[in-house]
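Visitor: have a look; sequence and predicted model below, questions after that.
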Amino acid sequence: MTTTHKSRTGDPRPEAKSGPCTPATSRVYPWPRASQGCGMRRWNVPGTRAATLAAVLAAACLAAAEGCGGGNGPGGSDGSPDNPADVAGEIPDPGTDGATDPGGDLPDAGAADPGEDLPPDGPGDVSRDKPEDLPFPPGPPRFRVLNFNVLCDGCDPAYAPWTERLEAFRDILARADPDLVGLQEIFFADQVGEVAALAPRPLEALFYTDPEEWYLPNPDVTILYRADRFARLEDGIYWLSPTPDVPWSIGLADGQVIPRQVHWVRLLDRQSGRELVFIDTHFDANHPAQANSAPMVLERTAPLAATLPVILVGDFNSEPSTEAFRLLTEGLAGDGFHFQDAWALASAPEQVSNLDPVPPWSHDISIDHVFLAGPHPWTVTKWYVDLSRYGDPPRFPSDHWPIFAEVEWVEP
(Lines give C-alpha, C1' and ligand atoms only; values in the text may rest on other atoms or scores of the structure.)
Protein backbone atom coordinates (compact mmCIF):
# COMPACT_ATOMS: atom_id res chain seq x y z
CA MET A 1 0.00 0.00 0.00
CA THR A 2 1.33 3.42 -0.86
CA THR A 3 2.13 5.62 2.11
CA THR A 4 -0.05 8.69 2.52
CA HIS A 5 1.57 12.03 3.34
CA LYS A 6 -0.81 14.73 4.53
CA SER A 7 0.12 18.02 2.94
CA ARG A 8 -2.02 20.02 5.36
CA THR A 9 -0.09 18.91 8.45
CA GLY A 10 3.34 19.84 7.17
CA ASP A 11 4.53 16.24 6.97
CA PRO A 12 7.59 15.90 4.74
CA ARG A 13 6.91 14.18 1.46
CA PRO A 14 9.02 13.50 -1.63
CA GLU A 15 8.72 16.06 -4.36
CA ALA A 16 6.97 14.62 -7.40
CA LYS A 17 9.25 14.21 -10.37
CA SER A 18 8.42 16.16 -13.49
CA GLY A 19 9.01 15.06 -17.04
CA PRO A 20 9.35 16.97 -20.31
CA CYS A 21 5.88 18.44 -19.81
CA THR A 22 4.04 20.17 -17.00
CA PRO A 23 5.18 18.99 -13.55
CA ALA A 24 2.88 16.31 -12.25
CA THR A 25 -0.18 17.63 -10.46
CA SER A 26 -2.09 14.38 -10.44
CA ARG A 27 -3.15 12.28 -7.52
CA VAL A 28 -2.65 8.57 -7.15
CA TYR A 29 -5.53 6.69 -5.59
CA PRO A 30 -5.27 2.95 -4.86
CA TRP A 31 -8.89 1.92 -5.29
CA PRO A 32 -10.32 -1.04 -3.38
CA ARG A 33 -12.03 -3.89 -5.17
CA ALA A 34 -15.79 -3.75 -5.47
CA SER A 35 -16.28 -5.97 -2.43
CA GLN A 36 -14.63 -3.38 -0.17
CA GLY A 37 -17.17 -0.69 -0.94
CA CYS A 38 -16.81 3.08 -1.12
CA GLY A 39 -17.44 5.94 1.27
CA MET A 40 -18.79 9.45 0.74
CA ARG A 41 -16.81 12.63 0.38
CA ARG A 42 -17.85 15.88 -1.23
CA TRP A 43 -15.75 18.26 -3.29
CA ASN A 44 -16.39 21.92 -2.42
CA VAL A 45 -15.57 24.81 -4.76
CA PRO A 46 -15.62 28.15 -2.93
CA GLY A 47 -15.16 31.73 -4.09
CA THR A 48 -15.73 33.64 -7.29
CA ARG A 49 -13.63 31.20 -9.32
CA ALA A 50 -16.37 28.66 -8.67
CA ALA A 51 -18.78 31.00 -10.42
CA THR A 52 -16.41 31.18 -13.38
CA LEU A 53 -16.22 27.40 -13.44
CA ALA A 54 -19.99 27.16 -13.25
CA ALA A 55 -20.27 29.35 -16.36
CA VAL A 56 -17.82 27.12 -18.21
CA LEU A 57 -19.69 24.01 -17.15
CA ALA A 58 -23.01 25.52 -18.20
CA ALA A 59 -21.58 26.17 -21.64
CA ALA A 60 -20.25 22.63 -21.72
CA CYS A 61 -23.66 21.25 -20.81
CA LEU A 62 -25.24 23.31 -23.56
CA ALA A 63 -22.69 22.03 -26.03
CA ALA A 64 -23.37 18.49 -24.86
CA ALA A 65 -27.11 18.93 -25.29
CA GLU A 66 -26.62 20.13 -28.85
CA GLY A 67 -24.15 17.35 -29.68
CA CYS A 68 -20.57 18.59 -29.93
CA GLY A 69 -18.45 15.53 -30.64
CA GLY A 70 -17.84 12.85 -33.20
CA GLY A 71 -18.84 9.50 -31.74
CA ASN A 72 -17.06 6.20 -31.93
CA GLY A 73 -20.16 4.56 -30.55
CA PRO A 74 -23.79 4.23 -31.55
CA GLY A 75 -25.98 7.12 -32.60
CA GLY A 76 -28.72 5.99 -30.22
CA SER A 77 -28.33 3.83 -27.14
CA ASP A 78 -29.91 0.97 -29.07
CA GLY A 79 -27.41 1.39 -31.89
CA SER A 80 -29.71 3.14 -34.36
CA PRO A 81 -28.03 6.07 -36.16
CA ASP A 82 -29.44 9.57 -35.76
CA ASN A 83 -28.19 10.65 -39.18
CA PRO A 84 -30.46 9.31 -41.98
CA ALA A 85 -27.44 9.14 -44.26
CA ASP A 86 -25.72 6.70 -41.91
CA VAL A 87 -25.67 3.00 -42.68
CA ALA A 88 -28.05 1.35 -40.24
CA GLY A 89 -26.27 -0.02 -37.20
CA GLU A 90 -22.84 0.85 -38.59
CA ILE A 91 -22.09 4.55 -38.63
CA PRO A 92 -22.41 6.24 -35.22
CA ASP A 93 -23.75 9.71 -34.73
CA PRO A 94 -21.72 12.44 -33.06
CA GLY A 95 -21.01 11.78 -29.40
CA THR A 96 -21.25 14.43 -26.72
CA ASP A 97 -19.07 15.97 -24.10
CA GLY A 98 -20.66 17.46 -21.05
CA ALA A 99 -20.39 18.22 -17.40
CA THR A 100 -22.63 18.09 -14.38
CA ASP A 101 -22.67 19.59 -10.93
CA PRO A 102 -19.57 18.68 -8.92
CA GLY A 103 -19.66 16.43 -5.92
CA GLY A 104 -19.32 12.74 -5.30
CA ASP A 105 -17.83 9.83 -3.47
CA LEU A 106 -14.31 8.81 -2.74
CA PRO A 107 -13.64 5.32 -1.43
CA ASP A 108 -12.73 4.99 2.22
CA ALA A 109 -10.80 1.75 2.10
CA GLY A 110 -7.25 2.27 0.96
CA ALA A 111 -7.89 5.61 -0.70
CA ALA A 112 -6.28 8.97 -0.19
CA ASP A 113 -8.12 11.95 1.23
CA PRO A 114 -8.42 14.74 -1.37
CA GLY A 115 -6.24 16.86 0.92
CA GLU A 116 -3.48 14.29 0.98
CA ASP A 117 -0.67 13.86 -1.50
CA LEU A 118 0.73 10.48 -2.30
CA PRO A 119 4.34 10.30 -3.46
CA PRO A 120 5.17 8.64 -6.75
CA ASP A 121 6.30 5.06 -6.65
CA GLY A 122 10.00 5.58 -7.23
CA PRO A 123 12.55 2.89 -7.98
CA GLY A 124 13.07 2.40 -4.25
CA ASP A 125 9.52 1.09 -3.93
CA VAL A 126 9.93 -1.70 -6.46
CA SER A 127 11.33 -4.17 -3.95
CA ARG A 128 8.03 -4.32 -2.13
CA ASP A 129 6.81 -6.79 -4.77
CA LYS A 130 9.40 -9.16 -6.15
CA PRO A 131 8.78 -10.29 -9.74
CA GLU A 132 9.12 -13.94 -8.81
CA ASP A 133 6.30 -13.54 -6.29
CA LEU A 134 3.83 -12.32 -8.94
CA PRO A 135 1.86 -14.58 -11.29
CA PHE A 136 3.31 -13.31 -14.59
CA PRO A 137 3.87 -15.53 -17.62
CA PRO A 138 7.38 -15.88 -19.05
CA GLY A 139 8.36 -14.29 -22.35
CA PRO A 140 8.34 -10.76 -23.78
CA PRO A 141 6.44 -8.07 -21.86
CA ARG A 142 2.79 -8.24 -22.86
CA PHE A 143 0.22 -5.63 -21.90
CA ARG A 144 -3.56 -5.81 -22.02
CA VAL A 145 -4.75 -2.30 -22.86
CA LEU A 146 -8.31 -0.97 -22.69
CA ASN A 147 -9.52 2.42 -23.89
CA PHE A 148 -13.06 3.58 -23.14
CA ASN A 149 -14.91 6.87 -23.30
CA VAL A 150 -17.58 6.03 -20.75
CA LEU A 151 -20.01 8.91 -21.53
CA CYS A 152 -20.26 11.42 -18.71
CA ASP A 153 -22.98 10.98 -16.12
CA GLY A 154 -26.22 12.64 -17.19
CA CYS A 155 -24.92 13.80 -20.58
CA ASP A 156 -27.38 11.85 -22.71
CA PRO A 157 -30.77 10.65 -21.43
CA ALA A 158 -30.95 8.10 -24.26
CA TYR A 159 -28.54 5.94 -22.28
CA ALA A 160 -29.12 4.19 -18.99
CA PRO A 161 -28.31 6.03 -15.74
CA TRP A 162 -24.75 5.84 -14.48
CA THR A 163 -25.55 3.40 -11.69
CA GLU A 164 -27.07 0.96 -14.17
CA ARG A 165 -24.19 1.34 -16.62
CA LEU A 166 -21.72 0.34 -13.92
CA GLU A 167 -22.79 -3.28 -14.28
CA ALA A 168 -21.99 -3.07 -17.98
CA PHE A 169 -18.59 -1.60 -17.14
CA ARG A 170 -17.97 -4.56 -14.83
CA ASP A 171 -18.58 -6.98 -17.69
CA ILE A 172 -16.37 -4.97 -20.07
CA LEU A 173 -13.52 -4.90 -17.54
CA ALA A 174 -13.88 -8.59 -16.75
CA ARG A 175 -13.59 -9.49 -20.43
CA ALA A 176 -10.57 -7.24 -20.98
CA ASP A 177 -8.81 -7.97 -17.65
CA PRO A 178 -6.61 -4.96 -18.40
CA ASP A 179 -3.14 -4.04 -17.20
CA LEU A 180 -3.53 -0.46 -18.44
CA VAL A 181 -6.73 1.55 -18.93
CA GLY A 182 -7.41 4.92 -20.50
CA LEU A 183 -10.77 6.44 -19.57
CA GLN A 184 -12.34 9.60 -20.91
CA GLU A 185 -15.33 11.70 -19.98
CA ILE A 186 -15.57 10.95 -16.28
CA PHE A 187 -16.56 14.11 -14.46
CA PHE A 188 -16.96 13.11 -10.81
CA ALA A 189 -13.78 12.07 -9.02
CA ASP A 190 -15.63 9.43 -7.04
CA GLN A 191 -16.78 7.78 -10.26
CA VAL A 192 -13.18 6.95 -11.08
CA GLY A 193 -13.18 4.79 -8.00
CA GLU A 194 -16.52 3.24 -8.88
CA VAL A 195 -15.20 2.14 -12.27
CA ALA A 196 -11.78 1.02 -11.03
CA ALA A 197 -13.32 -1.05 -8.25
CA LEU A 198 -15.10 -3.17 -10.84
CA ALA A 199 -11.88 -4.45 -12.39
CA PRO A 200 -10.80 -8.04 -11.68
CA ARG A 201 -7.43 -6.83 -10.32
CA PRO A 202 -6.56 -3.87 -8.06
CA LEU A 203 -5.95 -0.66 -9.99
CA GLU A 204 -4.43 2.68 -9.14
CA ALA A 205 -5.73 5.86 -10.74
CA LEU A 206 -4.10 9.02 -12.06
CA PHE A 207 -6.05 12.16 -12.91
CA TYR A 208 -5.54 15.89 -12.68
CA THR A 209 -6.17 17.82 -9.48
CA ASP A 210 -5.48 21.50 -9.05
CA PRO A 211 -2.41 22.05 -6.84
CA GLU A 212 -4.16 24.89 -4.99
CA GLU A 213 -6.73 22.32 -3.80
CA TRP A 214 -9.73 24.64 -3.95
CA TYR A 215 -10.59 23.68 -7.50
CA LEU A 216 -12.34 20.70 -8.97
CA PRO A 217 -10.37 17.64 -10.00
CA ASN A 218 -10.55 16.91 -13.71
CA PRO A 219 -10.77 13.16 -14.39
CA ASP A 220 -11.91 13.68 -18.00
CA VAL A 221 -8.61 11.95 -18.81
CA THR A 222 -7.95 9.18 -16.29
CA ILE A 223 -5.23 6.53 -16.29
CA LEU A 224 -5.69 3.25 -14.45
CA TYR A 225 -2.83 0.79 -14.04
CA ARG A 226 -2.42 -2.48 -12.21
CA ALA A 227 -1.08 -1.82 -8.74
CA ASP A 228 0.53 -5.26 -8.46
CA ARG A 229 2.42 -5.01 -11.74
CA PHE A 230 3.61 -1.44 -12.18
CA ALA A 231 5.51 1.14 -10.15
CA ARG A 232 4.92 4.77 -11.08
CA LEU A 233 8.21 6.58 -11.69
CA GLU A 234 6.95 9.96 -12.91
CA ASP A 235 4.06 11.53 -14.73
CA GLY A 236 3.07 14.80 -16.33
CA ILE A 237 0.15 16.70 -17.80
CA TYR A 238 -0.10 19.27 -20.54
CA TRP A 239 -3.11 21.00 -22.02
CA LEU A 240 -4.16 20.99 -25.66
CA SER A 241 -4.04 24.73 -26.17
CA PRO A 242 -1.67 27.45 -27.41
CA THR A 243 -0.34 27.56 -23.82
CA PRO A 244 -0.02 23.84 -23.00
CA ASP A 245 1.65 24.37 -19.63
CA VAL A 246 -1.17 26.58 -18.34
CA PRO A 247 -3.79 24.44 -16.56
CA TRP A 248 -7.36 24.63 -17.84
CA SER A 249 -6.30 26.53 -20.96
CA ILE A 250 -8.17 26.25 -24.28
CA GLY A 251 -7.95 27.88 -27.71
CA LEU A 252 -7.27 25.36 -30.51
CA ALA A 253 -10.70 25.86 -32.09
CA ASP A 254 -13.56 28.33 -32.08
CA GLY A 255 -16.41 27.08 -29.94
CA GLN A 256 -14.24 25.06 -27.56
CA VAL A 257 -15.44 25.38 -23.97
CA ILE A 258 -14.01 22.25 -22.34
CA PRO A 259 -10.29 22.23 -21.48
CA ARG A 260 -8.53 19.19 -22.96
CA GLN A 261 -5.42 17.53 -21.62
CA VAL A 262 -2.82 14.84 -22.18
CA HIS A 263 -1.71 12.78 -19.20
CA TRP A 264 1.37 10.56 -19.44
CA VAL A 265 3.02 8.29 -16.92
CA ARG A 266 6.35 6.46 -16.96
CA LEU A 267 5.97 3.07 -15.35
CA LEU A 268 8.33 0.32 -14.29
CA ASP A 269 7.05 -3.10 -15.24
CA ARG A 270 7.97 -5.31 -12.31
CA GLN A 271 7.64 -8.41 -14.46
CA SER A 272 10.45 -7.54 -16.85
CA GLY A 273 12.27 -4.78 -14.99
CA ARG A 274 11.80 -2.52 -18.03
CA GLU A 275 10.08 0.83 -18.35
CA LEU A 276 7.32 2.07 -20.61
CA VAL A 277 5.23 5.20 -21.09
CA PHE A 278 1.43 5.13 -21.09
CA ILE A 279 -0.48 8.17 -22.36
CA ASP A 280 -4.17 9.05 -22.30
CA THR A 281 -5.90 11.99 -23.97
CA HIS A 282 -9.21 13.40 -25.16
CA PHE A 283 -9.10 15.67 -28.22
CA ASP A 284 -11.79 18.30 -28.48
CA ALA A 285 -14.58 17.69 -31.00
CA ASN A 286 -14.59 21.19 -32.45
CA HIS A 287 -12.62 21.45 -35.69
CA PRO A 288 -9.76 22.08 -36.22
CA ALA A 289 -8.82 21.25 -32.62
CA GLN A 290 -7.92 17.67 -33.58
CA ALA A 291 -5.47 18.63 -36.32
CA ASN A 292 -4.01 21.30 -34.05
CA SER A 293 -3.62 18.84 -31.17
CA ALA A 294 -1.84 16.09 -33.11
CA PRO A 295 1.44 17.99 -33.74
CA MET A 296 1.68 18.88 -30.06
CA VAL A 297 1.28 15.24 -29.05
CA LEU A 298 3.93 14.20 -31.57
CA GLU A 299 6.40 16.84 -30.42
CA ARG A 300 5.92 16.11 -26.73
CA THR A 301 5.99 12.34 -27.11
CA ALA A 302 9.01 12.05 -29.40
CA PRO A 303 11.63 12.56 -26.64
CA LEU A 304 10.00 9.85 -24.54
CA ALA A 305 9.65 7.42 -27.45
CA ALA A 306 13.30 7.82 -28.42
CA THR A 307 14.31 5.44 -25.63
CA LEU A 308 11.11 3.93 -24.21
CA PRO A 309 8.13 2.02 -25.61
CA VAL A 310 5.02 4.21 -25.69
CA ILE A 311 1.33 3.33 -25.66
CA LEU A 312 -1.04 6.20 -26.50
CA VAL A 313 -4.80 5.79 -26.08
CA GLY A 314 -7.74 8.11 -26.12
CA ASP A 315 -10.79 9.61 -27.72
CA PHE A 316 -9.19 11.52 -30.59
CA ASN A 317 -12.45 12.59 -32.23
CA SER A 318 -10.58 11.67 -35.41
CA GLU A 319 -11.54 9.01 -37.93
CA PRO A 320 -8.75 7.38 -39.99
CA SER A 321 -9.60 9.66 -42.93
CA THR A 322 -8.92 12.85 -40.95
CA GLU A 323 -5.87 15.10 -40.97
CA ALA A 324 -5.26 14.50 -37.26
CA PHE A 325 -5.12 10.73 -37.73
CA ARG A 326 -2.82 11.13 -40.72
CA LEU A 327 -0.45 13.34 -38.72
CA LEU A 328 -0.36 10.92 -35.81
CA THR A 329 0.35 7.88 -37.99
CA GLU A 330 2.58 9.47 -40.67
CA GLY A 331 4.37 12.29 -38.86
CA LEU A 332 4.47 16.03 -39.36
CA ALA A 333 6.16 15.90 -42.76
CA GLY A 334 5.18 12.42 -43.78
CA ASP A 335 8.30 11.09 -42.08
CA GLY A 336 10.02 11.34 -38.73
CA PHE A 337 8.40 10.37 -35.47
CA HIS A 338 4.90 8.90 -35.69
CA PHE A 339 2.65 6.31 -34.09
CA GLN A 340 1.38 2.99 -35.38
CA ASP A 341 -2.29 2.10 -35.15
CA ALA A 342 -2.69 -1.09 -33.11
CA TRP A 343 -5.66 -2.07 -35.26
CA ALA A 344 -3.45 -2.06 -38.36
CA LEU A 345 -0.80 -4.18 -36.63
CA ALA A 346 -3.28 -6.83 -35.50
CA SER A 347 -3.40 -9.87 -37.75
CA ALA A 348 -7.09 -10.50 -37.08
CA PRO A 349 -8.99 -7.58 -35.49
CA GLU A 350 -12.20 -8.79 -33.86
CA GLN A 351 -15.65 -7.54 -33.00
CA VAL A 352 -16.96 -9.08 -29.79
CA SER A 353 -20.48 -8.82 -28.40
CA ASN A 354 -23.04 -10.52 -26.19
CA LEU A 355 -25.43 -10.24 -29.14
CA ASP A 356 -26.01 -12.76 -31.90
CA PRO A 357 -25.42 -11.74 -34.59
CA VAL A 358 -22.62 -9.35 -33.68
CA PRO A 359 -23.55 -5.80 -34.73
CA PRO A 360 -21.74 -4.45 -37.81
CA TRP A 361 -18.81 -2.12 -37.28
CA SER A 362 -16.14 -0.45 -39.41
CA HIS A 363 -12.72 0.88 -38.42
CA ASP A 364 -13.32 3.67 -40.91
CA ILE A 365 -15.65 5.40 -38.46
CA SER A 366 -13.64 4.79 -35.29
CA ILE A 367 -12.48 7.86 -33.38
CA ASP A 368 -11.10 5.99 -30.34
CA HIS A 369 -7.69 4.45 -30.90
CA VAL A 370 -4.71 2.65 -29.42
CA PHE A 371 -1.43 3.90 -30.87
CA LEU A 372 2.08 2.50 -30.37
CA ALA A 373 5.58 3.97 -30.70
CA GLY A 374 9.11 3.53 -29.40
CA PRO A 375 12.62 2.44 -30.36
CA HIS A 376 11.61 -1.18 -31.04
CA PRO A 377 8.76 -2.80 -33.00
CA TRP A 378 5.47 -3.71 -31.38
CA THR A 379 3.40 -6.84 -31.94
CA VAL A 380 -0.38 -6.81 -31.47
CA THR A 381 -1.49 -10.30 -30.47
CA LYS A 382 -5.17 -9.41 -30.04
CA TRP A 383 -7.40 -6.45 -30.87
CA TYR A 384 -11.15 -6.08 -30.51
CA VAL A 385 -13.96 -3.57 -30.29
CA ASP A 386 -16.62 -4.45 -27.73
CA LEU A 387 -20.13 -4.10 -29.18
CA SER A 388 -22.08 -5.55 -26.25
CA ARG A 389 -25.43 -4.16 -25.14
CA TYR A 390 -27.03 -4.39 -21.72
CA GLY A 391 -30.39 -4.07 -20.01
CA ASP A 392 -33.97 -4.42 -21.16
CA PRO A 393 -34.29 -3.20 -23.82
CA PRO A 394 -30.61 -3.80 -24.69
CA ARG A 395 -28.65 -0.56 -24.91
CA PHE A 396 -24.99 0.28 -25.40
CA PRO A 397 -23.38 1.48 -22.15
CA SER A 398 -21.86 4.56 -23.84
CA ASP A 399 -21.88 6.51 -27.07
CA HIS A 400 -18.35 5.17 -27.61
CA TRP A 401 -17.26 1.56 -27.89
CA PRO A 402 -14.49 0.07 -25.73
CA ILE A 403 -11.29 -0.67 -27.66
CA PHE A 404 -8.98 -3.46 -26.44
CA ALA A 405 -5.48 -4.36 -27.59
CA GLU A 406 -3.03 -6.94 -26.28
CA VAL A 407 0.43 -5.71 -27.26
CA GLU A 408 4.01 -6.82 -26.69
CA TRP A 409 7.47 -5.66 -27.64
CA VAL A 410 10.72 -7.58 -27.92
CA GLU A 411 14.01 -5.78 -27.62
CA PRO A 412 16.64 -7.06 -30.08
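Guide: That came through fine. This one's a predicted model, so the numbers in the text were calculated from it and none came from an experiment.
Visitor: and the pLDDT for N286?
Guide: Note for N286: predicted pLDDT of 97.
Visitor: in contact with it, which residues?
Guide: Residues near N286 by C-beta atoms under 8 Å, 6 or more residues apart in numbering: 68, 253-256. In this view, the C-beta of every residue, glycine as well, is placed from N, C-alpha and C.
Visitor: repeat that for 6 Å
Guide: 253, 255-256 (C-beta atoms under 6 Å, 6 or more residues apart in numbering).
Visitor: and if you look at R142?
Guide: The contact partners of R142, by C-beta under 6 Å, 6+ apart, come to E408.
Visitor: per-residue pLDDT of it, please?
Guide: Note on R142: pLDDT of 94.
Visitor: measure it to A348 for me?
Guide: Counting by C-beta to C-beta, to the nearest Å, the gap from R142 to A348 is 17 Å.
Visitor: what about the nearest residue to R260 once chain neighbours are set aside, how many residues close to it?
Guide: Leaving out its chain neighbours, the residue that sits closest to R260 by C-beta to C-beta, 6 or more residues apart in numbering is L240, at 4.2 Å. If you count neighbours by other C-beta atoms under 10 Å, L240 ends up with 26.
Visitor: next: E411.
Guide: 12.
Visitor: I'd say it and H376 touch.
Guide: Yes. Here E411 lies in contact with H376, judged by C-beta atoms under 6 Å, at a distance of 5.4 Å.
Visitor: what pLDDT does the residue nearest to H338 when sequence neighbours are not counted get?
Guide: Excluding the flanking residues, the one nearest H338 by C-beta to C-beta, 6+ apart is G331, at 3.9 Å. As predicted, G331 sits at a pLDDT of 96.
Visitor: run a quick neighbour tally on G331.
Guide: Neighbour number of G331 under other C-beta under 10 Å is 16.
Visitor: one more: D228?
Guide: The number of residues packed near D228 is 15, by other C-beta under 10 Å.
Visitor: the one 4 residues further on now?
Guide: In terms of burial, R232 registers 26 neighbours under the definition other C-beta under 10 Å.
Visitor: moving C-terminal from whichever strand or helix holds it, which element do we reach first?
Guide: Here R232 sits within strand 230-239, counting by DSSP states H and E. Toward the C-terminus, strand 230-239 is succeeded by strand 261-269 as the next helix or strand (DSSP H and E).
Visitor: returning to what we had before: for the strand holding R232, packing partners?
Guide: Other elements packing on strand 230-239 under the criterion 3 or more C-beta pairs under 6 Å, 6 or more residues apart in numbering; DSSP states H and E are strand 261-269.
Visitor: show me the shaky parts of this structure.
Guide: For the chain, residues meeting the criterion pLDDT under 70 lie at 1-139, 213-215, 412.
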